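In: need a 3D model of the following:
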Amino acid sequence: MSAVWVSGALLLMAGCTALSVRLCRDARAGVVQTEAYAALVRLIRGQIACYSRPFGEISRRIPPPLRQACGLPVEGGTLEAMLGAAKLQLPADAERIVRAFAAELGKSYKAEQLAVCDAAAAELDAIAAALRRHLPEKLRLIRCACICGGLAVIFLCM
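Out: Residues are numbered from 1 along each chain as shown. Predicted structure coming up:
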């Protein structure tokens, strides 16, 4: 084996390791962002229930760490507009729930809005719990697939 072949194999394994790290980070970010949106929905529900505030006023009161965890821009008129500019890392089912919640927010009476908030928070909590429960095995699978894929390519090129 030549030095060029060995260095190519090492570069391939370095790339596979970097891919593994990136995919694991994205998997963790999806769980964290799902939990953050559940917290945001509960915050919105509390502001509507206690103070009957419109979303424009609620958006100014979102704590910066929560806003950052959700990937939301600084401020917006509606949650739909803010989601359009947001950096979402949510799983597909959680994103569907958040977008449906945003479309419904502010378009009905207070009691109906509270019911929508409760339903969205419960669904997001259930998704976050399932993601959190399956995260360790998903991370192991990602690592194993990336490293074994890189080794398979190296062995095929021998």
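In: ok, residue 29 touching residue 88?
Out: No - under the criterion of CB atoms under 8 Å, residue 29 lies out of contact with residue 88, with a separation of 10.1 Å. Every C-beta, even on glycine, is put in place using the N, C-alpha and C of the backbone.
In: now do stretch 98-118, average pLDDT.
Out: Over the span of stretch 98-118, the pLDDT mean works out to 91.
In: who are the packing partners of the helix or strand where residue 152 lies?
Out: Counting by DSSP states H and E, the secondary-structure element that holds residue 152 is helix 110-156. Applying 3 or more CB pairs under 8 Å, 6 or more residues apart in numbering; DSSP states H and E, we find helix 110-156 packed against helix 3-51, helix 92-104.
In: next, the angle helix 92-104 makes with the first one.
Out: Interaxial angle of helix 3-51 relative to helix 92-104 (axes from the mean of the first three to the mean of the last three CA atoms, to 10 degrees): 30 degrees.
In: low pLDDT regions in the protein?
Out: Filtered on pLDDT under 70, the chain yields the residue ranges 1, 74, 76.
In: I'd like to know how far residue 6 sits from residue 149.
Out: Separation of residue 6 from residue 149 (CB to CB, to the nearest Å) stands at 19 Å.
In: nearest to residue 75, of the helices and strands packed on helix 110-156?
Out: Using CB to CB as the measure, helix 3-51 is the one of the helices and strands packed on helix 110-156 that comes nearest residue 75, at 14.1 Å.
In: which other helices and strands does that closest one contact?
Out: For helix 3-51, the packing partners by 3+ CB pairs under 8 Å, 6+ apart come out as helix 55-60, helix 64-70, helix 92-104, helix 110-156.
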